[in-house]
Each structure stands twice: as structure tokens, then as C-alpha cells.
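Trainee: Let's see this in three dimensions:
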Amino acid sequence: MQFPVRAVALSLLLVLAGCAGGAVPTDDGRMPTGTETLTPTATGASTPVDAPPAATPKPDAVEAEVIDVVDGDTIDVRLPNGSEDTVRLLGVDTPEVHAENDPAEFPGVPDTEAGRDCLRSWGERASEHAKDELTGKTVTLSFDANEPRRGYFGRLLAYVHVDGESFNYGLLTRGLARRYDDSGFEYRDRYGAAEDAARANGVGLWGACATEEPETATETPVAVADGGAPLRIETIHADAAGDDRENLNDEYLTFGNAGTEPIDLSGWTVSDEADHTYTFPEGTEIGPNETLTLHTGSGEDGDGDRYWGQRSPVWNNGGDTVIVRNASGSVVVERSYDG
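Mentor: Now for the predicted structure:
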């Protein structure tokens, strides 16, 4: 796609303005009323990633306090200089709670009153999730090189990071949002893959509201905890950016718990068709509606991330099978993929 010279020049000016920590213009180049100054965080090294596990830390990130949640994808914040602003989360779209929903925007959801009512209820769930996770928190806002700092309504367009994780991306893995398609944002492909996985596994609104079967084949969820909490393979990211051998932590699997009880993975294993096997350490657990990402390379295990410690890629880009066994050796979930 070719972009007009004026648009390219304007984008460059916006990026330069953000890096300088100066006032943030609207997307048509005008300075907003009550111009604020966004002060970047001290270093890029501590800036959270935008979609686990790949995103270059962004030196133009800023910290802000969340003072109100408008809905699942829109929040009000207080910036370090005391000014207040509204942030529209980049790359995601939760169902509406203040307007009518269009089921056509959510594949598989029927264009009926029942479909619209279901979307409204999940919009309310997304809003409650945002309130629980963000209200009163200090979050990190980072911006996208492909998008202006502000959208049509003068709102900041940003990735929101809380406790070191991308809130935007989490909305997709929890089935609380779709990828926002009217945007060429930097992580479009990753967000699309996360939505596809949630749809295929019937996570969140996709399982509750959609009546059409997704085109992609999925694994059969297996009850593995009290209350019937299913472990799901939500994302298989076999093709790391660049040379797979030099970017092992961008080869990863993401597992999710769509149930209401924790899943204890102590002693469980993950294998491929060649019988490479990883064993989850004692105490590994996924809480309800939470995810855990297993990276092929090395790193420090922490909340939401485990590292296999392999020195070469495991998952074949051309296709493979992920096999999860419990501590007794029984297969509890299996999923194949093609390249």
C-alpha cells in the first residue's frame, strides 16, 4: 500500500514530537486545547512489551494514573504533569455498552436481538474487567509507529501496560475483544492470531455469542480441575521474528484457563512430534481466565511466563503437534497446526 506524502510526513512529525516528550497533536496536526506534555519514562529497558513476547521496548512510553474506566477499551488517565486525558486502547475493540452493537463486526455472532444482547453483556464484562485491573493503577502508555498519537475524537491511541503485561493483548486472549481491523498498527498480525485462537477455542464472547463454527480446527478441551476448568492451547507461535535460532523466546505457546478454578500444572509436560519434552516445575498454576506463556529459549520464570531453556527451535514452522500430558502421563489436550 502506498501512502500520500503528506500522511508520511505527518506521521514522521508525530513520532519526532513524541520522542521529544513534547505536546501531542491531534491526528490532523492541530494542537489540542489544554496542550499537555507527555514525559517519557526514564529508559526503554524497563518499558513493558506490547504483545508477549515480542516488541522492542518503546523509549517514548509514559506513565499515567487511571482515574476512570469509560468501557472495556477506553480509559481516563492523569498524566505526570497533572493534566487529564482519555486513552483509546490500540488494536482492540470490546463490545459496546454505550451504543448499539453490530454483530457483523464479530465473526460468527448472529445478527439477531439475542446476538446483540449477548455482545452487550460481554461489553459489560469487559468494562468490569478493565475496572478491576486498571482503576487507580499506575500504568505505562506506549505508542505505535504506524498510528498517530490521537484518533478522530482527540483521544490518545496507546498500548496500556499494567504490572508488566499488555492489557490490550490480554483482552484478546480472554475473549473480551476483537482485533480492531480499521488500523495498520504494528502488532496487527499478532493480535489477529490471538483473536483467531480465542475464536477457535470458544473463549469468552466467542463461545457465548457465536453460533457459527470457526473455519479452523481446534482441540477438544478436557476438564482437568475441580469445576471442569479446561486448559486450552490458545496460541502457537512457531515462526519467530527473523532467524528462529537467534530469537528463541519469540517461539512460544500460550495456554489459558477458561474455567472458574485454578489449574495446577505441576509435573505436567509439553511435547512435540519429535518428543522434545518440557516439564512444568512444582507450583506452576494458571488461575481462572489467566494465561501462561512457554518460551523456547532461556529466561527467568515469573508470573505468566516459563522458559524451556532450549538452545535451538522446537516447533516446526511447517507444522507440528503440541501434546500436553498430566503428571500421570495421560494426554489431556492436543493440537496440531500447519505452516
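
Trainee: Determine the longest strand present in this protein.
Mentor: Ranked by number of residues, the top strand in the chain under DSSP state E is strand 62-71.

Trainee: was I right about residue 253 contacting residue 237?
Mentor: Yes - the criterion here is Cβ atoms under 8 Å, and residue 253 meets it with residue 237 at 7.4 Å. Just so you know, the C-beta spots here come from the backbone N, C-alpha and C atoms, and that holds for glycine as well.

Trainee: what pairs with the host helix or strand of residue 323, and is each one parallel or antiparallel?
Mentor: Applying DSSP states H and E as the criterion places residue 323 in strand 319-325. Strand 319-325 has the following strand partners under DSSP bridges: strand 269-271 (antiparallel), strand 331-338 (antiparallel).

Trainee: Other residues contacting the helix or strand just after the longest strand of the chain?
Mentor: The element immediately downstream of strand 62-71 (helix or strand, assigned by DSSP H and E) is strand 74-78. For strand 74-78, contacts defined as Cβ atoms under 8 Å, 6 or more residues apart in numbering pick out 64-70, 84-89, 130, 134, 139, 141, 155, 160.

Trainee: what angle sits between the next helix or strand after strand 74-78 and strand 62-71?
Mentor: Tracing the chain past strand 74-78, the next element assigned as helix or strand by DSSP H and E is strand 84-89. Per axes from the mean of the first three to the mean of the last three Cα atoms, to 10 degrees, the angle that strand 84-89 makes with strand 62-71 is 80 degrees.

Trainee: Could you tell me how many residues sit around residue 335?
Mentor: By the criterion of other Cβ atoms under 10 Å, residue 335 has 21 neighbours.

Trainee: is it true that it touches residue 315?
Mentor: No - the criterion here is Cβ under 8 Å, and residue 335 misses it with residue 315 at 11.5 Å.

Trainee: Overlap of the contact sets of these two?
Mentor: 236, 322.

Trainee: so where do the helices sit in the stretch 201-339 of the chain?
Mentor: 205-209 (DSSP state H, counting those that start in this stretch).

Trainee: circling back: which of the contacts of strand 74-78 are buried?
Mentor: Buried members of these, scored by 16 or more other Cβ atoms under 10 Å, are 64-66, 69-70, 85-89, 130, 134, 139, 141, 155, 160.

Trainee: Out of those residues, the closest to residue 207 would be?
Mentor: Residue 207 has its nearest neighbour among the buried ones among the contacts of strand 74-78 in residue 130, at 20.4 Å by Cβ to Cβ.

Trainee: that older thread, which other residues reach the longest strand of the chain?
Mentor: Applying Cβ under 8 Å, 6+ apart, the contact partners of strand 62-71 are 38-41, 75-80, 84-87, 94, 96-98, 123, 126-127, 130-131, 134-142.

Trainee: Please write out the alpha-carbon positions of that strand in CSV.
Mentor: Backbone C-alpha positions of strand 62-71 (Å, rounded to 0.1, in the frame of the first residue of the first chain) are rendered in CSV as follows:
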residue,chain,number,x,y,z
VAL,A,62,4.9,7.5,29.6
GLU,A,63,3.4,6.6,33.0
ALA,A,64,-0.1,7.6,33.9
GLU,A,65,-2.7,7.1,36.7
VAL,A,66,-6.0,5.5,35.7
ILE,A,67,-8.7,7.7,37.2
ASP,A,68,-11.8,6.2,35.4
VAL,A,69,-12.8,3.4,33.1
VAL,A,70,-15.2,4.5,30.3
ASP,A,71,-15.6,1.0,28.9
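
Trainee: on that earlier part again, which residues are in contact with each of residue 253 and residue 237?
Mentor: Joint contacts of residue 253 and residue 237 (Cβ under 8 Å, 6+ apart) do not exist.
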